[in-house]
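In: Got a sequence here, can you build the structure:
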Amino acid sequence: MEGLTMNQTQTKETTSLTKEQENFAQKLFHAYTTRTPLLVSDWQGAVNDDETAYRVQRRLTDLKKEKVGGYKVSLTSEETQKMFASTSPLYGAQVTSRFLHAPTSVSLSNLMEPLVEVELEFKAVKELKSTDSLLELMQKTTVAAGLEVPDSRFKDWFPTLSKYLVMSDAAVGGLVLYGNEKPTTEVFKTTEELAHVNCELLYNGKKLKEGVSSEVLNNPLNSLHWLVKKLEEQGTPLQTGQMVSTGTFVLPPKLAVGNWTAKFDHTLGNVELTVTK
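Out: This next block holds a predicted model:
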């Protein structure tokens, strides 16, 4: 698909979907807009390979009729890959309205079955390429502390949803919250330092989880590089200004009403979220 515009790519992929797959994308969009969950049993087997799953995802993104603000990368640890029977990460496109600057508040009524993760968020301030070294990726990005809220259009989805349904459902994208952005090279002197970022996740003031960035493909920059390469291969390269949520430090708990805080070291600061009914 190299050389095609986004609209041309979407048109080509829409026509390549079977009627069942087009219906699947439409049902995902309906669930997204109405927050009425789909049953996994109704859609098992609708998608059976990565390429088709990403085509369904792009159709779903097209139906949202909103600019893509960035991406989330999932399955970035050995543990989560095993849970979803995968040997590699996967990504989901996220529309602009799903990226929120913290501190902020959200209502559970606007979500479906959300979880909560702690991540690093990178924003491309220059064109990122698959040929870039990890150092070059640092030099071309900002970094921010992040708190992601995965959410799925399927009922009882975690941790039993199949990889292909996860991919079709925009990598179960919900919300991405991010703290203050800083040039990555101002926060970290070397690429190796990015493998040693520590974070504590607090719920109503009590520590619930703690994790380290090495859980994310040994270094979140590896996750960013994987995404840049994958999008290039698919003919839809990452755009300047888009943000990437690179993967969770911890196995995610369920999001609940109350106050959530992710505390990061390396001067990254905190990300605070208030959840209401």
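In: what's the burial count for residue 28?
Out: By other Cβ atoms under 10 Å, 24 other residues sit near residue 28. The C-beta positions use only the backbone N, C-alpha and C, and glycine is treated the same way.
In: right, and it touches residue 37 too?
Out: No: using Cβ atoms under 8 Å, residue 28 makes no contact with residue 37, being 10.7 Å away.
In: which residues are in contact with both of these two?
Out: Residues touching both residue 28 and residue 37 (Cβ atoms under 8 Å, 6 or more residues apart in numbering) are residue 153.
In: Tell me how many other residues crowd the spatially closest residue to residue 192 that is not a sequence neighbour.
Out: The shortest distance from residue 192 to any non-neighbouring residue, by Cβ to Cβ, 6 or more residues apart in numbering, is to residue 219 (7.7 Å). Look at residue 219: counted by other Cβ under 10 Å, it has 20 neighbours.
In: Next one: residue 219 from residue 59, what distance?
Out: Counting by Cβ to Cβ, to the nearest Å, the gap from residue 219 to residue 59 is 33 Å.
In: Mind jotting down where the strands sit in the chain?
Out: With strands called from DSSP state E, the chain shows them at 68-74, 90-95, 99-101, 104-107, 117-124, 141-149, 175-178, 182-183, 198-203, 206-212, 243-245, 258-264, 269-276.
In: Tabulate the ones you listed (TSV), appending mean neighbour count, mean pLDDT and distance to residue 157.
Out: Shown next, in TSV, are the strands of the chain (neighbours: other Cβ atoms under 10 Å; pLDDT from 0 to 100; distance: least, Cβ to Cβ, whole Å):
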stretch	mean neighbour count	mean pLDDT	distance to residue 157
strand 68-74	24	98	13
strand 90-95	23	98	14
strand 99-101	16	98	22
strand 104-107	14	98	19
strand 117-124	27	98	15
strand 141-149	26	98	14
strand 175-178	25	98	16
strand 182-183	16	98	34
strand 198-203	20	98	21
strand 206-212	14	98	20
strand 243-245	28	98	18
strand 258-264	20	98	20
strand 269-276	18	98	19
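In: Need these in CSV (columns: distance to residue 192).
Out: CSV is the format used below for these (distance: least, Cβ to Cβ, whole Å):
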stretch, distance to residue 192
strand 68-74, 20
strand 90-95, 25
strand 99-101, 28
strand 104-107, 32
strand 117-124, 15
strand 141-149, 15
strand 175-178, 23
strand 182-183, 18
strand 198-203, 15
strand 206-212, 13
strand 243-245, 20
strand 258-264, 17
strand 269-276, 21
